[in-house]
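Colleague: here is a sequence together with a model predicted from it:
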Amino acid sequence: MKKVITYGTFDLLHYGHVNLLQRAKALGDYLVVVLSTDEFNWNMKQKKCYFTYEERKRLLEAIRYVDLVIPETSWEQKISDVQEYHIDTFVMGDDWKGKFDFLQEYCEVVYLERTPEISTTQIKNDLKK
């Protein structure tokens, strides 16, 4: 079984997120999504989410491409996640290109093109108008 992992906040879930998850799952048989906790988002990214961790987790678990959702609590956990879950492929959006190449020692690293016309930031900005 080929296992794939990806990370994100997945707040205000939209079709760009679904596209990423679908393409990530197509790279293997089992998709692990590591979801940023509320504390991690605030303390490390200075981001406040609209939906709580538990709400975002529930939304992700409802998507057929997602097999497992686990919490992201630190930037440093990626190597241990890859090892613990026996990951073959690490996937991120191409806005992170090159940032996780250090994981190539442990698994394949793939950067997928983002859905260009949609982003959570864009949605938030549009809603402010």
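Modeller: In hand now; what should we look at?
Colleague: contacts for the longest helix anywhere in the chain?
Modeller: Scanning the chain for the helix with the most residues, using DSSP state H, yields helix 15-25. With C-beta atoms under 8 Å, 6 or more residues apart in numbering as the test, helix 15-25 has contacts from 4, 6, 8, 10, 31, 33, 60, 63, 65-66, 91, 93, 112, 114-115, 118-119. Backbone N, C-alpha and C define where each C-beta goes, glycine included.
Colleague: could you tell me which of these belong to helices?
Modeller: residue 60.
Colleague: which stretches of the protein form strands?
Modeller: Using DSSP state E, the strands of the chain run over 3-8, 30-36, 68-72, 89-93, 108-112.
Colleague: about what we covered before: just the buried members of the contacts of helix 15-25?
Modeller: Applying 16 or more other C-beta atoms under 10 Å to the contacts of helix 15-25, the neighbour count classes 4, 6, 8, 10, 31, 33, 60, 63, 65-66, 91, 93, 112, 114-115, 119 as buried.
Colleague: lowest-confidence one in those residues?
Modeller: Across the buried ones among the contacts of helix 15-25, the smallest pLDDT goes to residue 119, namely 77.
Colleague: phi first, then psi, for that one.
Modeller: phi -160, psi 160 (degrees, to the nearest 10).
Colleague: enumerate every residue touching it.
Modeller: residue 16.
Colleague: tell me how far it lies from residue 34.
Modeller: For residue 119, the distance to residue 34 (C-beta to C-beta, to the nearest Å) stands at 20 Å.
Colleague: do residue 52 as well
Modeller: Counting by C-beta to C-beta - residue 52 and residue 34 are separated by 17 Å.
Colleague: look at the two and report which has more neighbours.
Modeller: Each of residue 52 and residue 34 has its neighbours counted (other C-beta atoms under 10 Å); residue 34 has more, 18 against 12.
Colleague: tell me the predicted confidence for the more buried one.
Modeller: 98.
Colleague: kindly state the beta-bridge partners for it.
Modeller: Counting by DSSP bridges, residue 34 is bridged to residue 7, residue 70.
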